[in-house]
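1. build the 3D model from these lines:
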Amino acid sequence: MQGNKKQELFVFLVIIGIASFFRFYQLDTFLPGLETHAWLSKTLSAIIGVLTVIGIYSLTKELFEWRFAAITSFLTAISFWHVNFSRLGSHDILLPFFIVFIFYFLWKGVKNAHLPSFFLAGIFNGLGFYAHPSHWFVQLIIVALFVNYWWYLKKDFDYSKYEHSKTKLLQGFSLFMIATILTALPIGVFLWTNPDFFFSQVGNSGLSVFSQNQPFQKLAQNIFKTLGMFNFSGDINPIYNIPGSPLLPWPIGIFFAVGFINELVHWLKRKHGHFSTVHTLIFAWFLAMILPGFLSTDAPSSLRTIGALPVVMILSAKGVWWFFEKLNSWYQAHDPHSAGFFSKFKHRQKMTPRQHESHAITALVVVVFLFSIGFMEYWRYFNEF
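-> Numbering: from 1, shown residues only. From the prediction side, this is the model:
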């Protein structure tokens with residue numbers, strides 16, 4: 001157990017080191033055509049980017065386990081999409097930062113009936129309203145999570161346990177709402193007394209499609225373009241992307257599609273008579289945070305959909321995890337004495353020297369693959385872009 005803790009800490013520090021390198025390397029080099037930002041602004045933006053990687057690691061560890069968290073946070077650490085916004089010195093990088101920590105603390109609160117975690121989640125949620133207009137859409141995810149968890153309690157718990165858990169949930173979400181309202185109160189008062197500014201913020205969050213001629217035709221086009229930006233044709237704005245390039249490099253784009261389809265099928269099966277709360281969080285997050293892309297006039301937009309970035313990385317990691325589980329199953333089928341990378345951690349069995357060898361080979365393949373993707377993203381950002 002102690003060895004696993006040391007291994008986890010080592011992997012975590014390597015990932016944070018890589019995230020820091022991608023965000024601080026040549027930070028004083030300004031992009032052609034981009035207005036020069038103050039050094040402080042760019043530094044703070046890069047720091048927020050690194051903290052977001054830490055948050056994604058923490059959240060996915062709570063939702064799943066640390067090896068999956070390592071894959072997800074590594075993909076975020078090297079992601080062209082996230083690296084670029086981390087280095088721009090703009091407030092847009094705050095949106096994924098706040099979302100990740102809202103759901104990290106909210107999930108800890110729900111999972112452990114821990115009231116201080118609900119309170120911290122509410123503070124992060126309230127602060128999000130100061131950071132980005134698209135933060136309004138985050139409230140849709142919170143509602144979906146609350147409703148789904150309530151349903152889960154009714155379906156899976158007996159009456160006495162249900163009543164106790166329901167009370168704890170209501171206490172937690174009440175505390176969450178109080179913390180949100182108190183934190184967001186100043187900006188709420190300002191928006192109430194300045195309705196023109198409020199509606200301009202709503203427009204900035206992506207609702208401008210309805211001001212166009214034939215809005216529903218435009219909406220259909222935007223949906224098609226936004227869903228296609230991950231694998232086919234991305235943002236054409238040269239500040240935010242290599243014009244027209246997919247947001248994900250092609251290997252990760254494939255894994256994202258695989259992860260999305262597999263997890264969607266798993267979610268829709270409702271194996272225990274209700275939707276999985278984790279999967280409801282994932283898909284409500286994805287849908288709510290690409291809505292600004294659907295509703296804007298400049299789709300596909302990596303800026304409008306920046307709030308979806310963490311969950312896109314989670315789904316991409318799901319695809320990677322699925323692939324190496326299949327590889328592991330194939331290897332075990334052809335060598336019954338083997339214990340692959342994933343089975344070792346699932347069953348915690350004592351391994352023979354041959355099993356240690358098969359585990360090391362699989363782990364090496366995983367590491368080489370991920371670092372190859374890292375070099376690809378490094379080349380895309382620091383050479384092509």
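
2. so how far is Val368 from Pro96?
-> Relative to Val368, Pro96 is positioned 28 Å away (Cβ to Cβ, to the nearest Å). (Glycine included, C-beta is placed from N, CA and C.)

3. neighbour count winner among those two?
-> Under the neighbour definition other Cβ atoms under 10 Å, Pro96 and Val368 were set side by side, and Pro96 has more, 28 against 10.

4. give the helix, strand or coil label for the more buried one.
-> The three-state label for Pro96, taken from DSSP: H, G, I helix; E, B strand; the rest coil, comes out as helix.

5. what about Gln136, how many residues close to it?
-> Not quite, residue 136 is Trp, not Gln. Neighbours of Trp136 (other Cβ under 10 Å): 16.

6. what of the one 5 residues further on?
-> Other residues lying near Ile141 total 25 when counted by other Cβ under 10 Å.

7. again with Ile242
-> 17.

8. surely it touches Arg380?
-> Yes - using Cβ atoms under 8 Å, Ile242 is in contact with Arg380, at 6.8 Å.

9. avg pLDDT for the helix or strand where Lys42 lies?
-> Assigned by DSSP states H and E, Lys42 falls within helix 39-63. Rounded to a whole number, the mean pLDDT of helix 39-63 is 93.

10. next secondary structure after that helix?
-> Heading C-terminal from helix 39-63 (DSSP H and E), you reach helix 66-78.

11. what angle separates that next one from helix 39-63?
-> Per axes from the mean of the first three to the mean of the last three Cα atoms, to 10 degrees, the angle that helix 66-78 makes with helix 39-63 is 160 degrees.

12. off-centre distance for helix 66-78?
-> 10 Å (Cα atoms, centre = their mean, to the nearest Å).

13. for it, buried residues please.
-> By 16 or more other Cβ atoms under 10 Å, the buried positions in helix 66-78 come out as 66-78.

14. got TSV for the residues you listed, with distance to Pro292 and pLDDT too?
-> Putting these into TSV (distance: Cβ to Cβ, whole Å; pLDDT from 0 to 100) gives the following:
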residue	distance to Pro292	pLDDT
Trp66	32	92
Arg67	32	90
Phe68	28	93
Ala69	27	94
Ala70	30	94
Ile71	27	94
Thr72	23	96
Ser73	24	96
Phe74	27	96
Leu75	22	96
Thr76	20	96
Ala77	25	96
Ile78	25	95
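
15. now those in TSV, with distance to Val143?
-> Listed next are those as TSV, based on distance: Cβ to Cβ, whole Å:
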residue	distance to Val143
Trp66	30
Arg67	31
Phe68	26
Ala69	26
Ala70	31
Ile71	29
Thr72	25
Ser73	27
Phe74	31
Leu75	28
Thr76	26
Ala77	31
Ile78	33
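
16. which residue packs closest to Thr131, ignoring adjacent ones?
-> Careful, residue 131 is Ala and not Thr. Leaving aside its sequence neighbours, Ala131 sits nearest to Leu94 (Cβ to Cβ, 6 or more residues apart in numbering; 3.8 Å).

17. next one: the one you found from Ile15, what distance?
-> 21 Å.

18. so the two - more neighbours on which side?
-> Ile15 (25 against 21).

19. that one touches Tyr57, doesn't it?
-> Yes - using Cβ under 8 Å, Ile15 makes contact with Tyr57 at a distance of 6.9 Å.

20. between the two, what contacts are shared?
-> 70, 73 (Cβ atoms under 8 Å, 6 or more residues apart in numbering).

21. so which bits of the helix or strand hosting Ile223 are buried?
-> Secondary-structure assignment from DSSP H and E places Ile223 in helix 215-228. For helix 215-228, the neighbour count (16+ other Cβ under 10 Å) marks 218-219, 222-223, 225-226 as buried.

22. now swap in stretch 94-112 and tell me
-> Going by 16+ other Cβ under 10 Å, stretch 94-112 has these buried residues: 94-110.

23. so which of those residues sit within strands?
-> Taking DSSP state E, every one of these sits outside strands.

24. inside helices: which ones of these?
-> Taking DSSP state H as the definition of helices, the buried residues of stretch 94-112 contribute 94-110.

25. and stretch 94-103, how far out from the chain middle?
-> That offset, for stretch 94-103, works out to 9 Å (Cα atoms, centre = their mean).
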